[in-house]
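*Asks:* quick one: sequence plus predicted model below, questions after.
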Amino acid sequence: MLYESDYCTMDLFDVSSNIFDKEEALMDEWVPGELPEREEELEQISMAFKRSVRSDKRPRNVFLYGKSGQGKTVAIEYVLRELDNTFQTIDKKLTVIKSTLQGSNTSYQAVGKILTELEEDTHSPPKGHSYDDLTYRMFNALDDIGGYAVIVLDEIDNLGTDDDLLYDLPRAPSNGRLENTEVSVVGISNDFNFREKLSPKVKGTLGEVDVRFNPYDATELQTILKQRKEIAFQDGVVDEDVIPLCAAYSAQDEGAARQAIKLLYTAGELASNRDADSVTTDHLEKAKDRLEHELIRDGLDGLTTQERATVLAVASLEVQDKTPAKTKEVYPVYRWIIDNVGYEELTARSIHDKLTSLNTYNMVSAYENSGGVRGGTYFTFDLGNIDAHELLDVCANADYSLSETADEIPITTRQSRF
DNA sequence: TCTCCACAGGAAATTGGGGGTT
DNA sequence: AACCCCCAATTTCCTGTGGAGA
């Protein structure tokens, strides 16, 4: 996009804000000079690297886990930067290879991605070769680096149960696949359970040092929000109650700092757009509504049509107050919906899988039940925190193939909730 | 106590792709 | 062109579970 400053002057966008001072401090990319509530974690991480400063040993492998928005990535970057500085003073060479495994569901794809970082003329993950070919290339490239190499694998939980890479990588030196380079691995996972799902042999080698990032509580969030507020807003424009309330909301919901900051930012924007002279709790409430709406929207956007139909089926039941429903109850509704759109029907077994995976994306909530009329354990599903009417609304107004169907979903009992 | 139901979820096979090398 | 490698989404088949009712 081209910006012609000649045409786009202050007529349209009032440059001076009476709300914001440096609003950059509320943006995602902003890296604060210090991490006020993560000192303990920083210390734990740096311990893992210290032995490579003292001796010739490679740093320990580190495994960081905790929900998203807890500062894991920032923390490791912070520590590695410091380590690099130290290494320079003692004349050691440090190479950091960072790779986000988003979209890499298998070890194969992950190795491909790492190769794009390692090999200069490889710009997209290679395909069509065997896994062994790729790992061979990877270890060759690593061995060429020399010195110390730290491989940071972000969102490592994308690998699921395929832990070949996590098995091969830490073992390379003892297998004689690496001779000149000391390699260690930093794994970052958003999934608390991922570590448990790993096979024991991998858990041991990868998790030489485990650092757990617990969700921030309301008090910690307040500290963080205050820090940002001081920089981002003009003095005194944020009402006293806003920060505590903002922190409280976000603490309930995952305790993610990123979310809390976004909420505050949105509230500030609302206030600014309305030419208010202060940010009030009213703005915050509005911001919260808007973000919730966006969350549903983004959630639905990331789903396939089949998954959307499944969510829609649950929503439909929720609207009729038949909510925590078993797969068996959801399935006929799903079939009705999918037939309506003319897509192929999947089996009940697949819908059962869809429902459980939607649960992990937080689009539906699953509850485990035991007993019942016919023994065993079974799950029931509902929409959890999401408001069914709002979801139907969003879906009907979006541009999905089943938007029209969403509009048709039984309106009869729509008012029956609450 | 035993059986049996109805569900959860694992494993393997199937389907229908993507893309290589030689 | 012939042959190889990798993959995700499903379906099919199957085993495990625990309380209700015999």
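*Replies:* The structure has been received and is ready for your questions.

*Asks:* quickly list the domain ranges of chain A.
*Replies:* When chain A is parsed with automatic domain parsing, its domains come out as A:4-21+A:217-299, A:38-212, A:302-414.

*Asks:* kindly reformat those domains as TSV containing mean pLDDT, distance to residue A:30 and mean neighbour count.
*Replies:* All C-beta spots, glycine's among them, are computed from the backbone N, C-alpha and C. Converted to TSV, the domains of chain A look like this (pLDDT from 0 to 100; distance: least, Cβ to Cβ, whole Å; neighbours: other Cβ atoms under 10 Å):
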stretch	mean pLDDT	distance to residue A:30	mean neighbour count
domain A:4-21+A:217-299	82	8	17
domain A:38-212	84	10	17
domain A:302-414	82	25	17
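
*Asks:* which element is residue A:168 on?
*Replies:* helix A:164-171 (DSSP states H and E).

*Asks:* does DNA strand C sit close to that helix?
*Replies:* No. Using Cβ under 7 Å from any atom of the strand, we find that helix A:164-171 stays clear of DNA strand C, coming within 9.2 Å at best.

*Asks:* and residue A:333, how far from residue A:176?
*Replies:* Counting by Cβ to Cβ, to the nearest Å, the separation of residue A:333 from residue A:176 is 58 Å.

*Asks:* quick one on the thing from earlier: now render the domains of chain A as TSV, adding distance to DNA strand B.
*Replies:* What follows is the domains of chain A, written out as TSV (distance: least, Cβ to the nearest atom of the strand, whole Å):
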stretch	distance to DNA strand B
domain A:4-21+A:217-299	21
domain A:38-212	2
domain A:302-414	3
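
*Asks:* let's have these in CSV, adding distance to residue A:29.
*Replies:* Listed next are the domains of chain A as CSV, based on distance: least, Cβ to Cβ, whole Å:
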stretch, distance to residue A:29
domain A:4-21+A:217-299, 11
domain A:38-212, 11
domain A:302-414, 22
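
*Asks:* how about the residues of the stretch 51-200 of chain A by DNA strand C?
*Replies:* Within the stretch 51-200 of chain A, the residues that sit near DNA strand C (Cβ under 7 Å from any atom of the strand) are A:105-109, A:127-132.

*Asks:* out of the residues you listed, the closest to residue A:225 would be?
*Replies:* Ranked by distance to residue A:225 (Cβ to Cβ), those are led by residue A:105 at 35.6 Å.

*Asks:* isn't residue A:41 up against residue A:211?
*Replies:* Yes. Here residue A:41 reaches residue A:211: they are 5.4 Å apart, a contact under Cβ atoms under 8 Å.

*Asks:* any idea which of the domains of chain A gets closest to residue A:28?
*Replies:* domain A:4-21+A:217-299 (6.9 Å).

*Asks:* for that closest one, what is the distance to the chain centroid?
*Replies:* Its chain's C-alpha centre and that of domain A:4-21+A:217-299 lie 21 Å apart, by Cα atoms, centre = their mean, to the nearest Å.

*Asks:* quick one: residues contacting the closest residue to DNA strand C within the stretch 51-200 of chain A.
*Replies:* Per Cβ to the nearest atom of the strand, residue A:108 is where the stretch 51-200 of chain A lies closest to DNA strand C, at 2.7 Å. Neighbouring residues of residue A:108 by Cβ atoms under 8 Å, 6 or more residues apart in numbering: A:131, A:134.

*Asks:* helix or strand for it, which one?
*Replies:* In this assignment (DSSP H and E), residue A:108 forms part of helix A:107-118.

*Asks:* after that helix, next one along is what?
*Replies:* Counting by DSSP H and E, the next helix or strand C-terminal to helix A:107-118 is helix A:131-145.

*Asks:* that following helix versus helix A:107-118: what angle between them?
*Replies:* 30 degrees (axes from the mean of the first three to the mean of the last three Cα atoms, to 10 degrees).

*Asks:* does anything pack onto helix A:131-145? Which helices or strands?
*Replies:* Packed against helix A:131-145, as judged by 3 or more Cβ pairs under 8 Å, 6 or more residues apart in numbering; DSSP states H and E, are the following elements: helix A:107-118, helix A:164-171, strand A:181-189.

*Asks:* if we go to 6 Å?
*Replies:* Helices and strands touching helix A:131-145, as assessed by 3 or more Cβ pairs under 6 Å, 6 or more residues apart in numbering; DSSP states H and E, comprise helix A:107-118, strand A:181-189.

*Asks:* may I have the last one exported as PDB, CA atoms only?
*Replies:* Right, strand A:181-189. This file holds the C-alpha atoms of strand A:181-189, laid out as PDB (Å, rounded to 0.1, in the frame of the first residue of the first chain):
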ATOM      1  CA  THR A 181      29.200 -28.500  17.100                       C
ATOM      2  CA  GLU A 182      27.800 -28.700  20.600                       C
ATOM      3  CA  VAL A 183      24.000 -28.700  20.100                       C
ATOM      4  CA  SER A 184      21.300 -28.200  22.600                       C
ATOM      5  CA  VAL A 185      17.600 -27.900  22.300                       C
ATOM      6  CA  VAL A 186      15.100 -25.500  23.700                       C
ATOM      7  CA  GLY A 187      11.500 -26.700  23.400                       C
ATOM      8  CA  ILE A 188       8.600 -24.300  23.900                       C
ATOM      9  CA  SER A 189       5.100 -25.700  24.400                       C
END
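
*Asks:* helices or strands up against it?
*Replies:* Here strand A:181-189 touches strand A:62-65, helix A:131-145, strand A:147-154, going by 3+ Cβ pairs under 6 Å, 6+ apart.

*Asks:* on that earlier part again, the helix holding residue A:108 vs strand A:147-154, what angle?
*Replies:* 130 degrees.

*Asks:* against residue A:71, how distant is residue A:240?
*Replies:* Shown here: residue A:240 relative to residue A:71, a distance of 26 Å by Cβ to Cβ.

*Asks:* do the same with residue A:122
*Replies:* In terms of Cβ to Cβ, residue A:122 sits 32 Å off from residue A:71.
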